[in-house]
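In: generate coordinates for the sequence data below:
(2 chains)
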Amino acid sequence: MPINKKGAPVRASRPSTGSSANAVRKSGSVSPKHRGYRPDAAPAPSDREPKKRWNADERAARGHSEQRPRGAAASNSARVGRERVERSADGRPNWEPKRAYDGRPTHDARPARDERGNRPARSFDDRPSRGSDARDDRPARSYDARPPRSYDNRPARDDRPARGYDRPADRAARPAKSWDRPQRDDRPARSYDRDARPARTSDDRPARSYDRDARPARSYDNDRPARSYGNDRPARSFDDRRPQRDDRPARSWSDRAPRQDAPRHEAPRHEAGPRPMVEDVVLERLTAQAVTAGEVDGIGFSDLGLGSNIVRVLAELGAATPFPIQAATIPDVLAGRDVLGRGRTGSGKTIAFGAPLVERLLALSAGADKGTRREFGRAPRALILAPTRELALQIDRTVQPIAQSVGLFTTQIYGGVPYARQLGALQRGVDIVIGTPGRVGDLAAQGKLDLSKTIITVLDEADHMCELGFAEPVQEILDRTAQGGQKLLFSATLDKGVADIVERYLVDPAVFEVSGEDQASSTIDHQVLLLDQRDKQQVLIELASGPGKKLVFARTRAFAEQLADLLDEAGIRAESIHGDLNQSRRTRALEKLTSGRVDVLVATDVAARGIHVDDIALVIQADAPDEYKAYLHRSGRTGRAGKEGTVVTLVPRNRRRRTEELLARAEIEANWTSVVPGDAFIEELAAR
DNA sequence: AAAAAAG
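Out: The predicted structure follows:
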């Protein structure tokens, strides 16, 4: 297996130069007969023998440098790194025709990468100044095989009527009416309806309108009386809540279900369809118990019921006093209740479930089986599932020290890495497993991971974990955990998408969110730049050229890769992270951003959720996301823990409408600006 | 249609 089937074509073919004809290239462009065949890029494809492309003899015959590793290492590196791509002597990938770079320095000018693929630190002096003054005398750059274009021979922009996107009044005048879409009723019934449940059709629901005004007001403001489910429960206070629990009328998810004033959550979901409108209505029941920031003033973690060891570790982790979502959920988690928690991105959800989970495990083992607590080969008693490996790792970094402080052990179980180490840890025995659904389910099915003693299960990014590709493996895993075990579901965008899981696995869950934590109160400034599609890459370069850490989102792996090259080529050190990279590359890319060795990370949505990197001041969406939740999560990589942040979304004019709708659904007020490359406003954003 | 998650 010389080359990984999935990753290699893209990787191996990727000129590290963000080059022209690359724009449309992806693995699909490989002809079945010619692995790596590049009709549009290769100088003379016909002179290249299929299957011998990576053959050493041929390479030598073609006079290429011989740096490419052999054997297994070769195939691996071909997949792994853009720096491993074959280059001819001038540093240009061997398939790439010589191109005029308009006088810009080419690869020849860049220092060679060392053995590990790193280039020596770049000095900012040896590359062309990218100041705005210098920009004009640089010829326009073309990245996708278009003829070079100068801004001067385009139709003069100034002649066009001014666009009003940056005028608030303009936007205010536009009613949010664009999403009262009619098509719901003729869509097909949901495919994963279970037999046990009656088939649902949209007909038994009141017609849903997406018109904001027609919907029952959804507000998380403090000025609305706390929602109660038909009973006048006394206001919650942290001191007297526990004893009162028994007096409360039983509140169960299911018997609250047929509410008339809210749309039923069982709207059919559709694998195909013009747009996933269904996911847009936030589950209203989640507003059940709102905690305000003021409510938790003066409360410490120990007041919430956490032990001194844990409190000390939390302080070391930088959490001296609980955030609202933590204050809200910790007591109920400790009490053994199922909990649904919604807290804005960066609001401290990991500690909200991690700390009480450890404390509760400790409490549960304090009794009879104290002696067996560290028994060799013991089965884990808690499981935390996350949608990406990076997130699982990150959760472990928070939970592990907390667990360690009370003598409990965690281990990470996720894919993309060898089994041995994970199996070894499981054989020794662990208390808390943190992982991703694939490998966890794999090991569980193999009998290597015994979940039957798992009495606490956490779904982080729970709404995502309940979506199409995840729901099934997640449910299989949940089915293996201990009957009646405690379930904790957390997400910044927790919505009705979790209803199936909740109905099936949760009992009388406590539902929390933090009131006032909506987008309006966020510390994130949302900017939308309307531009010509063909200007996107240049504008991206200008945006990314400022100081500070930036996270760039692209919609596909190929485009993420391409943009990383583009930025690299433009003299901006950039890494990419996406699912086509092997785990060590992914980890390294993220680590490079965290450590500041690169300022720019170009990512697919693999990095959209949960990933915390300190001090990302700017999130750039080279592609707007498809879904409003993705927007919220992506933008939530900045503005964390109350810090300021800016999100810039690049929107081609033909996607304007769609983006407007998306932002409206996300309840985000963005500032729209029409730009062309070189605009001072871009520079201003880049400088933030 | 894409991305993620097992290999």
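
In: show residues contacting stretch A:312-321.
Out: A:299-301, A:306, A:326, A:348, A:351, A:355, A:398, A:401-402, A:404-405 (Cβ atoms under 8 Å, 6 or more residues apart in numbering). No exception for glycine: its C-beta is placed from N, CA and C like everyone else's.

In: quote the end-to-end distance of that stretch.
Out: Across stretch A:312-321, the terminal residues are separated by 11 Å (Cα to Cα, to the nearest Å).

In: buried residues, it. List them.
Out: A:Val313, A:Leu314, A:Leu317, A:Ala319 (16 or more other Cβ atoms under 10 Å).

In: quick check: A:Arg653 vs A:Asp532, distance?
Out: 7 Å (Cβ to Cβ, to the nearest Å).

In: show me the contacts of stretch A:312-321 that map onto helices.
Out: Using DSSP state H, A:Gln326, A:Ile351, A:Ala355, A:Thr398, A:Pro401, A:Ile402, A:Gln404 are the members of the contacts of stretch A:312-321 that sit in helices.

In: returning to that earlier point: neighbour count: A:Arg653 and A:Asp532, which is higher?
Out: For A:Arg653 versus A:Asp532, the count of surrounding residues by other Cβ atoms under 10 Å is larger for A:Asp532: 17 against 13.

In: can you list the buried residues of stretch A:312-321 in a markdown table and add pLDDT?
Out: Shown next, in a markdown table, are these (pLDDT from 0 to 100):
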| residue | pLDDT |
| --- | --- |
| A:Val313 | 97 |
| A:Leu314 | 97 |
| A:Leu317 | 93 |
| A:Ala319 | 93 |
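
In: just the CA coordinates of stretch A:346-360, formatted as PDB?
Out: Output of stretch A:346-360 as PDB, limited to C-alpha atoms (Å, rounded to 0.1, in the frame of the first residue of the first chain):
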ATOM      1  CA  GLY A 346     -16.200  29.600  26.100                       C
ATOM      2  CA  SER A 347     -18.400  29.700  29.200                       C
ATOM      3  CA  GLY A 348     -16.800  26.900  31.100                       C
ATOM      4  CA  LYS A 349     -18.800  23.800  30.200                       C
ATOM      5  CA  THR A 350     -16.000  21.400  30.600                       C
ATOM      6  CA  ILE A 351     -15.500  22.100  34.200                       C
ATOM      7  CA  ALA A 352     -19.300  22.300  34.600                       C
ATOM      8  CA  PHE A 353     -19.500  18.500  34.000                       C
ATOM      9  CA  GLY A 354     -15.900  17.500  34.700                       C
ATOM     10  CA  ALA A 355     -15.500  18.600  38.200                       C
ATOM     11  CA  PRO A 356     -18.700  17.300  39.600                       C
ATOM     12  CA  LEU A 357     -18.300  14.100  37.700                       C
ATOM     13  CA  VAL A 358     -15.100  13.400  39.500                       C
ATOM     14  CA  GLU A 359     -16.500  14.400  42.800                       C
ATOM     15  CA  ARG A 360     -19.500  12.100  42.300                       C
END
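
In: what mean pLDDT does that stretch get?
Out: In this model, stretch A:346-360 has a mean pLDDT of 94.

In: quick check: pLDDT value at A:Thr647.
Out: Check again: residue A:647 is Val, not Thr. Per-residue pLDDT puts A:Val647 at 96.

In: residues of chain A that sit close to DNA strand B?
Out: Contacts of chain A with DNA strand B, taken as Cβ under 7 Å from any atom of the strand, map to A:272, A:276, A:387-390, A:414-417, A:435-442, A:445, A:467-470, A:473, A:555-558, A:578-580, A:604-606, A:626.

In: and if we set it to 6 Å?
Out: Selection of chain A residues close to DNA strand B by Cβ under 6 Å from any atom of the strand yields A:276, A:387-389, A:414-416, A:436-439, A:441-442, A:468-470, A:556-557, A:578-579, A:604-606, A:626.

In: which of these fall in helices?
Out: If you go by DSSP H, the residues of chain A next to DNA strand B have A:Arg389, A:Pro437, A:Gly438, A:Arg439, A:Gly441, A:Asp442, A:Leu468, A:Gly469, A:Phe470, A:Arg557 in helices.

In: quick check on A:Leu383: phi, psi?
Out: Backbone geometry at A:Leu383, expressed as degrees, to the nearest 10, gives phi -140, psi 130.

In: which strand residues bridge it?
Out: On the basis of DSSP bridges, A:Leu383 is bridged to A:Val433, A:Thr457.

In: ok, A:Gly307 - contacts?
Out: If you count contacts by Cβ under 8 Å, 6+ apart, A:Gly307 has them with A:Glu359, A:Leu362, A:Val406.

In: distance of A:Tyr628 from A:Asp463?
Out: A:Tyr628 sits 12 Å away from A:Asp463, going by Cβ to Cβ.
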